[in-house]
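Colleague: The following block contains a protein sequence and its predicted model.
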Amino acid sequence: MKLFKVVGDPTNQKRFSSHIIIDSLNKAAQKLGHYAEDEIVICYDGVCNSHGYSPDAFICSYEIAFAQNILKQAGGKPIFGVSRDNQQFILDGGYPAELTDWFLLGVDSSIYPCVTKTKNLNKFCVGVYTESLVRGGVELCLEAFCKTVQKHEAKLLIKDRNATPVFEKWVKDRRDHYDADIEYLNCHFSSTDQIIDWFSGVDIHLYLNRSSTFAMPPAESACMGIPTIAMSYSGPREFIFDRNTGMNPKYTLEYIDKDFGRLLNIGTRNFFFWEDYLKRPVWAVPDMDSVGECMTELRNNKVLFNDISVNGTKFMKGINWENSAESLYLKVNKFHDR
C-alpha cells in the first residue's frame, strides 16, 4: 500500500474551506501512518487545476455536472468526489466510471462543541451561514423566513462572505420590504471561536444551498447541536437525515439556467463555467412551503428539536478526518494497484 499527501492551491487562505480540507486530511493521514511526501500525490481543487504539481489523482468539488474543460485538466487521472452526488456530477460530465470514486470529508467535533444559546434569548433565531453565490441560497432562506416565521417574534441572522454591494443592497431592500428583523454580516471569520460565538445566538440553522458537494457549515452546526434544515442533496444528504440529525425540506431538480439571470441581477457571485457541458446542469430548488413547515415545527416541537440536537452531535462524531483519510487511503490505492 502506497502512502499519500494532499496538495492544492498554495495561495489558499487559512480558515477557507480548501485550506481546512487539505490541512485536515494531511494531519489525519500523518496520525494514521498513511502520509508520505514522495509517494501518491492527490490534488484538491474545484476544477482539477494541478497548480504546478504532477498529481496522481484529484479530489474535485465542482458542484454541478462537470464541464468538459475540467475533465480535460484531469488528464485521465482518477477523480474523487466528496459525496455520492459529487461523484455523479463527475459521471454526468462523461468521465469514465472506472476513473471515479467518492469518499466523505470530515469535521473536527472537538473544536465545535455543543453550543448553548446565550444571545438573542427573547426571539426564535434562524441562522444562515453560507456565501451569496449563485448556488448559495441566501435569498431563498430570506424569503422563506420572511414569509413564514418572522411574524412570530423571530429573527434572521445571515453570515455572508465576500458579498457584492449589489447583493448587500438587495438584502437590505428585502428586509425593509418585509419589515423583518434581519441581522446581516458580510465578513470572514478567521477563527473557530468566532463561528461558535455566532452560533450561540441562533436556535436553528437554515442551509438552502442549491448544491454544495460536502457542505462544511451544516456539518459544523450539527456538531454544535444546532438543528439544521438542509435539502437531502449533495453533501448534506450524507449526514442531515430527516427528523433524525436534521430536517429535509422537499425539493426538485431544475436546470440551473432557469434562474441564473435573476440571481446574477441581485448580485450573487458565480464561479461556474458558462458552457462546455455534455449534460445540461441541474441543481436542487427547495419547496418553500416545505421549508416553512420545517422551521415552524422546530420552533414549536421542543421534543423533536432536542432529539435532533442530540442525534446530530452524536452522529457527527463519526464524520471525522481520521475516517476520511482512511477511506481516501484505501480508495486511492485501488487505483494505484491497477
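Modeller: Cool, got the structure.
Colleague: Name the nearest residue to the residue nearest the centre of the chain, sequence neighbours excluded.
Modeller: Nearest residue to the geometric centre of the chain (Cα atoms, centre = their mean): A215, 1.6 Å. Spatial nearest neighbour of A215, chain neighbours left out: G235 (3.7 Å); criterion: Cβ to Cβ, 6 or more residues apart in numbering. Any C-beta I mention is one placed from the backbone N, CA and C, and that applies to glycine too.
Colleague: Looks like that neighbour contacts Y207 (just checking).
Modeller: No. Using Cβ atoms under 8 Å, G235 is not in contact with Y207, being 9.9 Å away.
Colleague: residues shared between the contacts of those two?
Modeller: Shared contacts of G235 and Y207 (Cβ atoms under 8 Å, 6 or more residues apart in numbering): A215, P218.
Colleague: which one of the two has more residues nearby?
Modeller: G235 (29 against 25; other Cβ atoms under 10 Å).
Colleague: count of neighbours near K250?
Modeller: As a burial measure, K250 scores 14 neighbours (other Cβ under 10 Å).
Colleague: quick one, what contacts it?
Modeller: When contacts are counted by Cβ under 8 Å, 6+ apart, K250 is found next to P286, D287, S290.
Colleague: quick one, what contacts the second one?
Modeller: Okay, so that is D287. The contact partners of D287, taken as Cβ under 8 Å, 6+ apart, are P249, K250, Y251, T252.
Colleague: For the nearest residue to D56 once chain neighbours are set aside, name its beta-bridge partners.
Modeller: Excluding the flanking residues, the one nearest D56 by Cβ to Cβ, 6+ apart is I40, at 5.0 Å. Beta bridges link I40 to F4 when assigned by DSSP bridges.
Colleague: separation between I40 and L328?
Modeller: For I40, the distance to L328 equals 10 Å [Cβ to Cβ, to the nearest Å].
Colleague: what does N209 give?
Modeller: Separation of N209 from L328 (Cβ to Cβ) stands at 24 Å.
Colleague: same deal with F315?
Modeller: Taken as Cβ to Cβ, the span from F315 to L328 is 21 Å.
Colleague: if you count what's nearby, which of those two comes out ahead?
Modeller: Neighbour count, other Cβ under 10 Å: between F315 and L328, L328 has more, with 26 against 17.
Colleague: how much space between the more buried one and F199?
Modeller: L328 sits 29 Å away from F199 when distances are taken as Cβ to Cβ.
Colleague: One more: V128?
Modeller: V128 is 12 Å from F199, where distance means Cβ to Cβ.
Colleague: shared neighbours, those two?
Modeller: H205.
Colleague: So what does R84 look like in phi/psi?
Modeller: phi -60, psi -40 (degrees, to the nearest 10).
Colleague: Which pLDDT value does the model give the closest residue to it other than its chain neighbours?
Modeller: Nearest non-adjacent residue to R84, counting by Cβ to Cβ, 6+ apart: W102, 6.0 Å away. Per-residue pLDDT puts W102 at 98.
Colleague: Next, find the distance separating W102 from R280.
Modeller: Using Cβ to Cβ, W102 is found at 22 Å from R280.
Colleague: L330 too?
Modeller: Counting by Cβ to Cβ, the gap between L330 and R280 amounts to 34 Å.
Colleague: again with A29
Modeller: 38 Å.
Colleague: the more surrounded of those two?
Modeller: Neighbours per residue, other Cβ under 10 Å: of A29 and R280, the larger number sits with A29, 24 against 11.
Colleague: On the pLDDT front, check that one for me.
Modeller: 98.
Colleague: Which pLDDT value belongs to the spatially closest residue to it that is not a sequence neighbour?
Modeller: The spatial neighbour of A29 that comes closest, neighbours along the chain excluded (Cβ to Cβ, 6+ apart), is Y35 at 3.9 Å. pLDDT, Y35: 98.
Colleague: on that earlier part again, what's the residue nearest to R84 sitting at in phi/psi?
Modeller: Phi and psi for W102, reported as degrees, to the nearest 10, are phi -150, psi 150.
Colleague: surely it meets Q87?
Modeller: Yes. Here W102 reaches Q87: they are 3.9 Å apart, a contact under Cβ under 8 Å.
Colleague: Show me the common contact partners of those two, please.
Modeller: Residues within reach of W102 and of Q87 at once, by Cβ under 8 Å, 6+ apart, are F80, G81.
Colleague: need the strands for the stretch 1-150 of the chain, in chain order.
Modeller: With strands called from DSSP state E, counting those that start in this stretch, the stretch 1-150 of the chain shows them at 4-8, 40-44, 57-59, 79-81, 100-102, 124-129.
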